[in-house]
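Engineer: pasting the sequence and the predicted coordinates here, then a few questions.
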Amino acid sequence: MLTTEVQSTMNSVAALIATVDDSKAQRICWVIAGMLERSLSENARLESRLAEVEADNKGLRAKNIALRTSVDQLKEQVSYLNRQLYGKKSEANPDKKAPTAPPLTPAELAKVAEARELQKQARALIREANAVVAKQKAQASKLVHELVRRRVPEGLVCFCCAGGVKDRGMAHTAHEIDIVPATLIDRTFLLHRGSCDCGAVDFVMPDPDRGLEQTTARPQLIAKCAVDKFLYHMPIHRQEAYFKQRGCDLSRSTINGWVLRGALVCEPLWKALCQANRLEPIKLCDETPICVVKDHESKDRFLWCIVTMLAVTFDVTTERNIKIAAQILGSIGEATLTDGHGCYSKKSIAGAHANCLGHARRKFFDSVVAFPTESMAVLGVIRDIFMVERLADELGLDPAGRLELRKTKSAPLLVDLQALISTMNPPPKSSLGKAINYLTKRWAKLTHFLADGRIPLTTNEVERRFRDAKLGFKNFLFAQSEVGVDAVAIYYTLIATARLYGHDPNDYLADVMVKITNGLPNKRLHELFPWNWQPPPKVEQELPPMSREEHVPIARILNMRSLAGKVRAAAPSSPESAIKNAAAK
């Protein structure tokens with residue numbers, strides 16, 4: 001606009017010069033015209049410079065936004081790492097508010113009250129049953145019973161009557177439980193020979209059962225070493241130190257050989273269990289990396305876990321892709337619940353594919369620091385969805401009833417969640433943006449629990465199974481061979497499934513090793529499945545109660561508060577009186 005006005009003024013000056021005859025006035029007009037021309041060129045230069053500055057300013061603004069976004073991302077990463085290193089592992093709601101139950105109709109409230117009353121009665125019955133069982137176990141306990149009698153010692157004198165304190169018999173009983181450190185037994189069997197007079201029968205008594213061929217270790221000892229490592233997370237070198245304290249010099253190579261050979265013996269049973277688990281209609285699956293160090297080189301292996309209503313099975317692979325996932329899960333199934341990893345797809349999963357809602361929730365939990373308002377709003381809705389599942393558990397609903405409750409209570413909450421997310425517009429690369437992207441991309445799989453009441457909302461059951469593996473590798477750090485990696489999957493499978501059915505892993509592993517070593521055919525391996533297996537009857541010699549006398553020092557009796565100022569120790573007697581007292585007795 002300024003350029004147009006200057007140009008108009010120059011045109012007016014040029015017209016004025018043409019009409020003015022005075023040379024002085026013309027010179028003045030020419031000076032004015034020159035000044036106007038110079039101002040016009042300066043104005044053009046300033047306008048071009050202004051355009052350059054605006055372009056630079058626009059670039060700097062873009063850089064500023066990018067830097068702020070980068071700083072926010074770094075702050076989020078620092079906050080996440082601080083929480084992982086120093087914070088609580090719990091992912092409870094940060095607002096620390098008690099979860100609210102979903103709104104219920106009067107009929108539903110009556111059902112909830114009835115269910116809670118039944119649960120209260122059931123808990124009372126369980127407590128009574130546990131008390132009866134504990135009493136029966138105490139009566140028929142495997143513990144060695146010992147009777148210890150503490151008599152009143154001689155040498156106590158009453159301050160009042162100056163007479164000696166006499167033992168008046170047992171007043172009451174006191175009870176304690178003590179422990180005797182485990183003792184290794186080097187047992188030698190004397191095998192007798194039997195025959196008849198005619199010589200038709202001639203035999204030698206059988207050798208003891210062996211869990212492994214060409215070894216003198218009893219199956220219970222081998223099972224104990226395996227259970228101590230894979231259930232109680234005790235590395236082999238600690239077991240070696242433990243045995244040395246017990247007076248047995250067992251090298252770690254010997255113990256490790258027992259454990260690895262035991263895994264090879266149990267491998268057919270492990271394969272049969274995995275195959276049976278693949279045939280289940282509903283599966284929960286997840287995987288986690290483990291470390292293998294071989295030839296001074298660290299490599300990753302992947303430990304897979306499948307949890308069903310039938311069993312808990314583990315497997316180890318060298319890679320993690322669609323083809324491997326298809327082999328692990330099998331080609332039979334109605335639905336599979338997994339996380340959002342790319343190895344789970346239509347090509348690797350038979351039937352419907354559902355995703356874990358807990359993994360989606362975790363991403364919003366990680367974004368609370370940078371986006372507290374938005375993240376807390378999403379977490380609140382997800383919390384209400386989990387409260388519906390808690391209500392279904394309290395009511396004891398079957399899959400059909402649970403599905404009906406989900407459609408009634410959870411479906412509206414999911415609609416609210418979707419509407420809430422649609423109103424948010426965070427930076428795509430921020431933690432909240434990534435969480436929303438994760439949720440929207442997998443929305444159909446995350447909400448598949450509305451179509452099948454048998455599918456849980458999360459894979460937390462698998463995560464709990466991985467806890468033993470993670471604690472174990474935190475102690476023994478890594479495996480050193482492929483055989484050792486396979487042993488991890490075999491023992492975790494057998495121990496977890498045995499505990500699922502309430503069996504003692506030590507007894508189960510010992511009996512399984514004996515039967516397979518003794519030649520149980522593969523077509524009868526189903527007899528060793530934990531849901532078919534029964535512990536063998538134990539023939540043990542009952543130890544009679546032991547009894548002994550325990551001397552209590554007089555000084556300890558005098559220190560009793562109830563006897564303060566009432567009793568004193570008798571004066572030491574002379575040798576002559578001691579002889580007379582002994583003769584009188």
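Structural biologist: On my side now, so go ahead.

Engineer: please make it C-alpha for all contacts and neighbour counts, starting now.
Structural biologist: Fine.

Engineer: shaky segments in the stretch 101-250 of the chain?
Structural biologist: 101-105, 108-109, 111-112, 115, 133-143, 181-182, 203 (pLDDT under 70).

Engineer: ok, which stretches of it are helices?
Structural biologist: Counting by DSSP state H, counting those that start in this stretch, one finds helices in the stretch 101-250 of the chain at the ranges 106-139, 219-230, 236-245.

Engineer: go through the ones you listed and name the closest to Arg406.
Structural biologist: helix 106-139 (13.7 Å; C-alpha to C-alpha).

Engineer: deepest of the helices of the stretch 101-250 of the chain, which one?
Structural biologist: helix 219-230 (a mean of 21; mean count of other C-alpha atoms under 10 Å).

Engineer: who does that helix touch, helix- and strand-wise?
Structural biologist: In terms of contacts (3 or more C-alpha pairs under 8 Å, 6 or more residues apart in numbering; DSSP states H and E), helix 219-230 is packed against helix 252-278, helix 460-476, helix 482-500, helix 505-517.

Engineer: between the ones you listed, which has the poorest average model confidence?
Structural biologist: When mean pLDDT is averaged over each of the helices and strands packed on helix 219-230, helix 460-476 scores lowest at a mean of 86.

Engineer: can the helices of the stretch 101-250 of the chain go into TSV with extra columns for distance to Glu334?
Structural biologist: TSV is the format used below for those (distance: least, C-alpha to C-alpha, whole Å):
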stretch	distance to Glu334
helix 106-139	31
helix 219-230	32
helix 236-245	42
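
Engineer: these: which one's closest to Pro505?
Structural biologist: Of those, nearest to Pro505 by C-alpha to C-alpha is helix 219-230, at 6.9 Å.

Engineer: angle of that closest one against helix 252-278?
Structural biologist: Helix 219-230 runs at 80 degrees relative to helix 252-278, counting by axes from the mean of the first three to the mean of the last three C-alpha atoms, to 10 degrees.

Engineer: and the helices and strands packed on helix 219-230: which comes nearest Leu303?
Structural biologist: So among the helices and strands packed on helix 219-230, helix 482-500 is nearest, using C-alpha to C-alpha, at 7.4 Å.

Engineer: what residues does that closest one touch?
Structural biologist: For helix 482-500, contacts defined as C-alpha atoms under 8 Å, 6 or more residues apart in numbering pick out 226-227, 230-231, 260, 263-264, 266-267, 270, 292, 303, 311-316, 465, 469, 479, 504-505, 508-509, 530.

Engineer: list the buried ones in it?
Structural biologist: Across helix 482-500, burial judged by 16 or more other C-alpha atoms under 10 Å covers 484-498.

Engineer: make a markdown table out of the helices and strands packed on helix 219-230 and add distance to Arg127.
Structural biologist: Formatted as a markdown table, the helices and strands packed on helix 219-230 follow (distance: least, C-alpha to C-alpha, whole Å):
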| stretch | distance to Arg127 |
| --- | --- |
| helix 252-278 | 34 |
| helix 460-476 | 27 |
| helix 482-500 | 22 |
| helix 505-517 | 26 |
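
Engineer: out of those helices, which gets nearest to Cys356?
Structural biologist: helix 460-476 (8.7 Å).

Engineer: what helices or strands is the closest one leaning on?
Structural biologist: Partner elements for helix 460-476 (3+ C-alpha pairs under 8 Å, 6+ apart): helix 219-230, strand 282-294, strand 297-307.

Engineer: returning to what we had before: nearest to Gln121, of the helices and strands packed on helix 219-230?
Structural biologist: Of all the helices and strands packed on helix 219-230, helix 482-500 comes closest under C-alpha to C-alpha, at 25.6 Å.

Engineer: relative to strand 282-294, how tilted is that closest one?
Structural biologist: Using the same axes, to 10 degrees: helix 482-500 against strand 282-294 is 150 degrees.

Engineer: quick one, helix 482-500 and strand 297-307 angle?
Structural biologist: Using the same axes, to 10 degrees: helix 482-500 against strand 297-307 is 20 degrees.

Engineer: then helix 482-500 to CSV, C-alphas only?
Structural biologist: C-alpha atoms of helix 482-500 as CSV (Å, rounded to 0.1, in the frame of the first residue of the first chain):
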residue,chain,number,x,y,z
GLU,A,482,21.1,-75.3,24.0
VAL,A,483,20.5,-78.3,26.2
GLY,A,484,20.3,-75.9,29.2
VAL,A,485,17.8,-73.7,27.4
ASP,A,486,15.6,-76.7,26.6
ALA,A,487,15.8,-77.8,30.3
VAL,A,488,14.4,-74.3,31.3
ALA,A,489,11.3,-74.9,29.2
ILE,A,490,10.9,-78.5,30.3
TYR,A,491,11.2,-77.9,34.1
TYR,A,492,9.1,-74.7,34.1
THR,A,493,6.4,-76.6,32.2
LEU,A,494,6.3,-79.7,34.5
ILE,A,495,6.7,-77.7,37.8
ALA,A,496,4.0,-75.1,36.9
THR,A,497,1.5,-77.6,35.7
ALA,A,498,2.1,-79.9,38.7
ARG,A,499,1.5,-77.0,41.0
LEU,A,500,-1.6,-76.1,39.1
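
Engineer: centre of the chain versus that helix, how much separation?
Structural biologist: In terms of C-alpha atoms, centre = their mean, to the nearest Å, the centre of helix 482-500 is found 16 Å from the chain centre.

Engineer: ok, now stretch 232-248?
Structural biologist: 26 Å.

Engineer: same question for stretch 465-472.
Structural biologist: The answer for stretch 465-472 is 6 Å, by C-alpha atoms, centre = their mean.

Engineer: now do the buried residues in it.
Structural biologist: Result for stretch 465-472 [16+ other C-alpha under 10 Å]: buried residues 465-466, 468-469, 471-472.

Engineer: which two in the residues you listed are spaced the farthest apart?
Structural biologist: So, the buried residues of stretch 465-472 by C-alpha to C-alpha: farthest apart are Arg465 and Gly472, at 11.8 Å.

Engineer: quick one: common contacting residues for the two?
Structural biologist: Joint contacts of Arg465 and Gly472 (C-alpha under 8 Å, 6+ apart) do not exist.

Engineer: now, among the buried residues of stretch 465-472, which is nearest to Leu81?
Structural biologist: Leu471 (20.3 Å).

Engineer: tell me how far that closest one lies from Leu477.
Structural biologist: 9 Å (C-alpha to C-alpha, to the nearest Å).

Engineer: what does Ala335 give?
Structural biologist: Ala335 is 35 Å from Leu477, by C-alpha to C-alpha.

Engineer: so for the two, which residue has more residues nearby?
Structural biologist: Ala335 (21 against 15; other C-alpha atoms under 10 Å).

Engineer: what's across from the more buried one in the sheet?
Structural biologist: On the basis of DSSP bridges, Ala335 is bridged to Ile282, Ala352.

Engineer: contacts only, for it.
Structural biologist: If you count contacts by C-alpha under 8 Å, 6+ apart, then Ala335 has 281-283, 350-354, 455 around it.

Engineer: picking that back up, and of the helices of the stretch 101-250 of the chain, who's closest to Asn82?
Structural biologist: It's helix 219-230; of those, that one is closest to Asn82 (C-alpha to C-alpha) at 30.4 Å.

Engineer: got a list of what Cys274 touches?
Structural biologist: 313-314.

Engineer: before we move on, what about Leu397?
Structural biologist: Counting by C-alpha under 8 Å, 6+ apart, Leu397 has no contacts.

Engineer: list the buried residues in stretch 343-358.
Structural biologist: 343-345, 348-350, 352-358.

Engineer: all set now, cheers.
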